[in-house]
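Student: what shape does this take:
(one chain, ligands or ions: 1)
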Amino acid sequence: MSSESRIRCAALRERVMSAEAAAELIPAGINVGMSGFTGAGYPKAVPGALAERIRKLNAAGEPPFRISIWTGASTAPELDGVLAEVDGIEMRLPFQSDPICRDRINTGKMDYVDIHLSEVSQYAWSGFLGKMDLAVIEVAGIREDGSLIPSSSVGNNKTWIEQADKIILEVNSKQNAKLEGMHDVYYGTALPPNRKPIMITDPSDRIGEPYLACPMEKVIAVVETSAADRNTPFKAPDETSRKIAEHILNFFHREIELGRLPKELLPIQSGVGNIPNAVLEGLDAGPFKNLTAFTEVIQDGMLKMLKSGTLATASATAFSLSPEGIAEFDNNIDLYRDKIILRQQDISNHPELARRLGVIAMNGLIEADIYGNINSTHVMGTRMMNGIGGSGDFARNGYLSIFVSPSTAKDGAISAIVPMVSHVDHTEHDVKIVVTEQGLADLRGLSPRQRAHEIINNCAHPDFRPALMDYYERALHSGRGMHTPHLLEEALSWHVRYETQGQM
Ligand code: COA
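Tutor: Numbering: from 1, shown residues only. Okay, the predicted model is just below:
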């Protein structure tokens, strides 16, 4: 497709300029909405040009130039990385996974507001975050009437376009032109008390438009790009991931036998990473057919499942593919077009829909405690890793919430199962299943004391199991409360020991 045919609106073609010229239009101190979700569909040129501008200002000793950046979720080094490196980000939300960003957050140089991904648009509509001055949005094309063909993620773009006073569009010709028609942008959302039911009863339902509406008068610049999304290669599943996948698959088979899951399971939500990908591979190798996914991101494993017929439909807000995954998608897009729906994230992650559809939520954890509280975000209670992402949207509202992790981290120095988590993202009330390579703890219907036995015996690494059981038994007989026994003076001593001695 020629660049002219990507920008089919004559009036907006006149606003084409370089990324550097567009970056000059961004003033310091403002709130900027940017597209991007899990390394897909983020602007690839303007953030870099802005970072370069800031670098020069910093070198000239000018006052700090900083903006606040709101996105869909994580982006890429070309956005988060470059802007964090020049200390150009005042505040970031709602999710990131960039090492430089993480450093700035954990050294106190950047504020970070970690929000459930389904809730970000509500925050913005309600004015909790202040005014959005400008948005920078990547699209796959602009139609004759100025409406936009979304690219490889939808994320919060609908909200940003509605909320921002001014808009810079990046039209990326590297994005497959056949993405057109795959999106479903819903314009029926409202703030309470005016909300109506969202009429999705199956992941394949379409309720919106394939395009983003965009008031042309807001568009102050159009920048042409041709760069691929950040895409991280997947490692082949290792022994640990394979064992975790095996435990989950055995669990699914048992639940089907018991009549608690249909043979097509229920719509799957799967976090990104090697363990979720191993679970998807396991599902694909099994007897399953016509499964569905109601999730945030389409990863490599889901493409394979769609191709083989294991998966009939996948609803998400973004792709998150490896380079091979992108090639597979681009080469066979006609096969995938009708089976994939990309929605805005306030719909892909909507609690009402996760509950109605009965999603099976599978997400990673940093640590779980012996009662089933989960920490997904903080290392040793204080240092941010990535953020809660959509895990809370799906875990609290799904039919099953499954949390997965190797039983140890850092070559066995850290136990993923601890007496008390050093930060809580998902409470014991939201956590139904915990799985490590050691085994699976089914916590449904168990009291805290029963949970402790199930988690320690099934999930903890044998090196840590005796110490965990010893803690639990001493807490139980300490003369304190026996509902959720704890030794408060010792509950976080495992973390302190790791920080002071390098070993839990
Ligand atoms: N203490 C300290 N570090 C720990 C740890 C612990 N208890 N558990 C894991 N880590 C470290 C690992 O060592 C690894 O560090 P490295 O990158 O320096 O090697 C890193 O955390 C990632 O761990 P890994 O085992 O490779 O798991 P992962 O890539 O699957 O990530 C989470 C696990 C929890 C960080 C990740 O799933 C996450 O960010 N979750 C929250 C958001 C979410 O669930 N999103 C999906 C919803 S759609």
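Student: all the strands of the stretch 1-150 of the chain, residue numbers only.
Tutor: Using DSSP state E, counting those that start in this stretch, the strands of the stretch 1-150 of the chain run over residues 31-34, 67-70, 89-93, 111-112, 134-142, 148-150.
Student: please read off the pLDDT at the spatially most central residue of the chain from the model.
Tutor: Among the residues of the chain, Gly389 comes closest to the average C-alpha position under Cα atoms, centre = their mean, at 4.4 Å. Listed pLDDT for Gly389 reads 97.
Student: returning to what we had before: quick one: the strands of the stretch 1-150 of the chain as CSV, columns for mean neighbour count and mean pLDDT too.
Tutor: C-beta here means a position set from N, CA and C on the backbone, and glycine is covered the same way. Listed next are those as CSV, based on neighbours: other Cβ atoms under 10 Å; pLDDT from 0 to 100:
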stretch, mean neighbour count, mean pLDDT
strand 31-34, 26, 98
strand 67-70, 24, 98
strand 89-93, 21, 98
strand 111-112, 16, 98
strand 134-142, 26, 98
strand 148-150, 26, 98
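Student: got these as CSV, with distance to the ligand columns?
Tutor: Converted to CSV, these look like this (distance: least, Cβ to the nearest ligand atom, whole Å):
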stretch, distance to the ligand
strand 31-34, 19
strand 67-70, 18
strand 89-93, 14
strand 111-112, 13
strand 134-142, 21
strand 148-150, 19
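Student: JSON lines please, covering those and showing distance to Met362.
Tutor: Shown next, in JSON lines, are the strands of the stretch 1-150 of the chain (distance: least, Cβ to Cβ, whole Å):
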{"stretch": "strand 31-34", "distance to Met362": "28"}
{"stretch": "strand 67-70", "distance to Met362": "27"}
{"stretch": "strand 89-93", "distance to Met362": "25"}
{"stretch": "strand 111-112", "distance to Met362": "25"}
{"stretch": "strand 134-142", "distance to Met362": "29"}
{"stretch": "strand 148-150", "distance to Met362": "26"}
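Student: what does the stretch 151-300 of the chain have sitting close to the ligand?
Tutor: Gly271, Gly273, Ile275, Glu296 (Cβ under 6 Å from any ligand atom).
Student: please flag which of those residues sit within helices.
Tutor: Ile275 (DSSP state H).
Student: for the stretch 401-504 of the chain, what spans make up the helices?
Tutor: Using DSSP state H, counting those that start in this stretch, the helices found in the stretch 401-504 of the chain span residues 448-459, 465-476, 493-501.
Student: list the contacts for the closest residue to the ligand within the stretch 301-450 of the chain?
Tutor: Distances between the stretch 301-450 of the chain and the ligand by Cβ to the nearest ligand atom are smallest at Gly364, namely 2.5 Å. Listed by Cβ atoms under 8 Å, 6 or more residues apart in numbering, the contact partners of Gly364 are Gly271, Gly273, Ile275, Pro276, Ser376, Ser391, Phe403, Val404, Ser405.
Student: run a quick neighbour tally on the last one.
Tutor: The tally of other residues near Ser405 (other Cβ atoms under 10 Å) stands at 24.
Student: with Leu50 as the reference, measure out to the residue nearest to Val424 when sequence neighbours are not counted.
Tutor: Computed as Cβ to Cβ, 6 or more residues apart in numbering, the closest residue to Val424 that is not its neighbour in sequence is Asn373, at 5.1 Å. From Asn373 over to Leu50 the distance is 40 Å, taken as Cβ to Cβ, to the nearest Å.
Student: before we move on, what about Pro237?
Tutor: Distance of Pro237 to Leu50, computed by Cβ to Cβ: 39 Å.
Student: neighbour count winner among these two?
Tutor: Neighbour count, other Cβ under 10 Å: between Pro237 and Leu50, Leu50 has more, with 27 against 20.
Student: so the more buried one makes contact with Gly88?
Tutor: Yes. The criterion here is Cβ atoms under 8 Å, and Leu50 meets it with Gly88 at 6.9 Å.
Student: what do these two both touch?
Tutor: Ile67.
Student: what's the pLDDT at the nearest residue to the residue nearest to the centre of the chain once chain neighbours are set aside?
Tutor: Nearest residue to Gly389, sequence neighbours excluded (Cβ to Cβ, 6+ apart): Phe95, at 5.0 Å. For Phe95, the pLDDT comes out at 97.
Student: before we move on, what about Thr232?
Tutor: So, for Thr232, pLDDT stands at 75.
Student: still on that earlier bit, which of the residues of the stretch 151-300 of the chain next to the ligand count as buried?
Tutor: When neighbours are counted using 16 or more other Cβ atoms under 10 Å, those contain these buried positions: Gly271, Gly273, Ile275, Glu296.
Student: among the residues you listed, which pair sits farthest apart?
Tutor: Largest separation among those by Cβ to Cβ: Ile275 and Glu296, giving 15.7 Å.
Student: please look at Val185 and Cys214 and confirm they touch.
Tutor: No. Proximity of Val185 to Cys214 does not meet the contact threshold set by Cβ under 8 Å, at 11.0 Å.
Student: still on that earlier bit, in strands, which of the contacts of Gly364 fall?
Tutor: Phe403, Val404 (DSSP state E).
Student: by pLDDT, rank the contacts of Gly364 and give me the bottom one.
Tutor: Gly273 (76).
Student: need the nearest residue in space to it, chain neighbours excluded.
Tutor: Closest to Gly273 by Cβ to Cβ, 6+ apart is Gly364, at 5.8 Å.
Student: what's the neighbour count on Ala59?
Tutor: Ala59 has 9 neighbours, counted by other Cβ under 10 Å.
Student: typo on my end, it should be Ala76
Tutor: Ala76 has 23 neighbouring residues, counting by other Cβ under 10 Å.
Student: can I see the domain layout of the protein?
Tutor: 10-225, 239-501 (the TED database).
Student: what is the end-to-end distance of the longest one?
Tutor: Meaning domain 239-501. Counting by Cα to Cα, to the nearest Å, you get 29 Å between the two ends of domain 239-501.
Student: for the ligand, what's the nearest residue on the stretch 51-200 of the chain?
Tutor: Ser97 (6.7 Å).
Student: ok, longest helix in this structure?
Tutor: If you go by DSSP H, the chain has its longest helix at helix 239-257.
Student: so that helix versus helix 448-459, what angle?
Tutor: For helix 239-257 against helix 448-459, the angle by axes from the mean of the first three to the mean of the last three Cα atoms, to 10 degrees is 130 degrees.
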